[in-house]
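Enquirer: Predicted model, plus sequence, below.
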2 protein chains.
Amino acid sequence: MQIQPKIIKDFKKALSSEGLRFTEQRLQVLEDILSSDSHRDCNEIFQSIKIKGHQVSIPTIYRTLDVLVDYGFIRKLDIGDGAVKYEKKLGHPRHDHMICIESGKIIEFIDERIEQVQDEIASNNDYEIVGRVHQLFVKPKKK
Amino acid sequence: MQIQPKIIKDFKKALSSEGLRFTEQRLQVLEDILSSDSHRDCNEIFQSIKIKGHQVSIPTIYRTLDVLVDYGFIRKLDIGDGAVKYEKKLGHPRHDHMICIESGKIIEFIDERIEQVQDEIASNNDYEIVGRVHQLFVKPKKK
DNA sequence: ATTATTGCAAATCCTTTGCAGTACC
DNA sequence: GGTACTGCAAAGGATTTGCAATAAT
């Protein structure tokens, strides 16, 4: 599960463009998120890094998450019940989430019709959309 | 801004049906929310009650909010940035929210087409919807 | 009288901050 | 060498909990 050298290069470039520094900790956090397909919070990322035998403190993870969101490497999700999670963004286009309240399973979906209506509604009110939060909480259908 | 006697009667009935008690504090919280059209958090409700010359402690407000949500008198909103707000539900049908990131203004909207697509998506995955979180973060459109 | 409810203080949980030491450019 | 970064411990803010006193049924 190695991440591409190009991504690391891009990351270094993004950091240096703002006078930020490339550190082992920031790399650990980036690698950990990019090599996972799940939606995780700070503590889960912390545990995951620790299991690999590395160590990054919680405050540093929070600080790094902010940087990674700002530079578009990851996405911050507010799952609706107060939980904040992060997911990779690179090679992972925008989508909404359907969350099963029984199993906790999260299904990603996207629907062009919804996007269009959203844009139309915002536009009708003289606004433009800068962010969307759209989650469906579901349970298995009874036959 | 007096709330209807019928609502208080319904509230008493709902409470007693579960062995819960009708108290001055619970009534204060219910009245305060039903007589407001805004989306507010616990502290705002606390302040509002205090200004009227009444007093309900923060823990009691939280406990009451849970009860009111359970009985369908109010709705709990997760506005996306970690903020949790409450709004009245009675006489106030389901809707989504458009939040201006510049002014903080919240506009309510509902669109039948979106509802239908949501139901279709859930159904296609053998789920049924039990809850929806749908917020658009917007900013004024530039001419 | 019984037992749910209240308010207080303290405890949680999650996230952020101040700061001294460390590492990157 | 100068300054951003890290980790620690402590601070914050929002929400919850234990408990003794109080009030509703």
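Expert: Great, that's in hand.
Enquirer: Please enumerate the strands of chain A.
Expert: A:74-78, A:84-88, A:96-100, A:106-109, A:127-140 (DSSP state E).
Enquirer: The second one to strand A:96-100, inter-axis angle?
Expert: Okay, so that is strand A:84-88. Strand A:84-88 runs at 120 degrees relative to strand A:96-100, counting by axes from the mean of the first three to the mean of the last three C-alpha atoms, to 10 degrees.
Enquirer: and if you look at the last one?
Expert: Counting by the same axes, to 10 degrees, strand A:127-140 lies at 20 degrees to strand A:96-100.
Enquirer: before we move on, back to that, closest one to DNA strand C among the strands of chain A?
Expert: strand A:84-88 (3.8 Å; C-beta to the nearest atom of the strand). C-beta coordinates here come from the backbone N, C-alpha and C atoms, glycine included.
Enquirer: Redo the strands of chain A as CSV? Include mean neighbour count, mean pLDDT and distance to DNA strand C.
Expert: Shown next, in CSV, are the strands of chain A (neighbours: other C-beta atoms under 10 Å in any protein chain shown; pLDDT from 0 to 100; distance: least, C-beta to the nearest atom of the strand, whole Å):
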stretch, mean neighbour count, mean pLDDT, distance to DNA strand C
strand A:74-78, 18, 90, 9
strand A:84-88, 19, 94, 4
strand A:96-100, 20, 90, 17
strand A:106-109, 16, 92, 17
strand A:127-140, 19, 91, 15
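Enquirer: Of those, give the one that comes closest to chain B.
Expert: Closest to chain B of the strands of chain A is strand A:127-140 (C-beta to the nearest C-beta; 3.6 Å).
Enquirer: any residues touching that closest one, and which ones?
Expert: A:78-80, A:94, A:96-102, A:114, A:118-119, A:122, B:80, B:98, B:100-101, B:118, B:121-122, B:125-142 (C-beta atoms under 8 Å, 6 or more residues apart in numbering or on different chains).
Enquirer: And for stretch A:17-33?
Expert: Stretch A:17-33 has contacts (C-beta under 8 Å, 6+ apart) with A:3, A:7-8, A:11-12, A:15-16, A:40, A:45, A:48-49, A:52, A:54, A:56-57, A:60-61, A:64-65, A:67-68, A:73-74, A:86-88.
Enquirer: Show me which residues of chain A sit near chain B.
Expert: With C-beta under 8 Å from any C-beta of the partner chain as the criterion, chain A comes near chain B at residues A:78, A:80-82, A:84, A:98, A:100-101, A:107, A:109, A:111, A:113-114, A:117-118, A:121-123, A:125-142.
Enquirer: If we use 7 Å, what do you get?
Expert: Proximity of chain A to chain B (C-beta under 7 Å from any C-beta of the partner chain) is limited to residues A:78, A:80-82, A:84, A:98, A:100-101, A:107, A:109, A:111, A:113-114, A:117-118, A:121-123, A:125-141.
Enquirer: Helices along chain A, start to end?
Expert: Along chain A, the segments classed as helices by DSSP state H run A:5-16, A:24-34, A:42-51, A:58-70, A:112-124.
Enquirer: from those helices, which stretch is densest packed?
Expert: Of all the helices of chain A, helix A:24-34 carries the top mean neighbour count, a mean of 20, counting by mean count of other C-beta atoms under 10 Å in any protein chain shown.
Enquirer: Let's test this: mean pLDDT of that one, rounded?
Expert: Average pLDDT, helix A:24-34: 97.
Enquirer: dump the residue contacts of A:Gly72.
Expert: By C-beta atoms under 7 Å, 6 or more residues apart in numbering or on different chains, A:Gly72 lies in contact with A:Lys89.
Enquirer: OK, contacts around A:Gly91?
Expert: No contacts exist for A:Gly91 under C-beta under 7 Å, 6+ apart.
Enquirer: Just the endpoints, please. Distance across stretch A:114-132?
Expert: 11 Å (C-alpha to C-alpha, to the nearest Å).
Enquirer: Near A:Asp126, how many residues? Count them for me, please.
Expert: 11 (other C-beta atoms under 10 Å in any protein chain shown).
Enquirer: Please apply the same query to A:Lys143.
Expert: Neighbours of A:Lys143 under the rule other C-beta under 10 Å: 4.
Enquirer: how near is it to DNA strand D?
Expert: According to C-beta to the nearest atom of the strand, to the nearest Å, A:Lys143 and DNA strand D sit 35 Å apart.
Enquirer: Next: A:Ile107.
Expert: Distance, A:Ile107 to DNA strand D, using C-beta to the nearest atom of the strand: 27 Å.
Enquirer: Alright, I will stop here.
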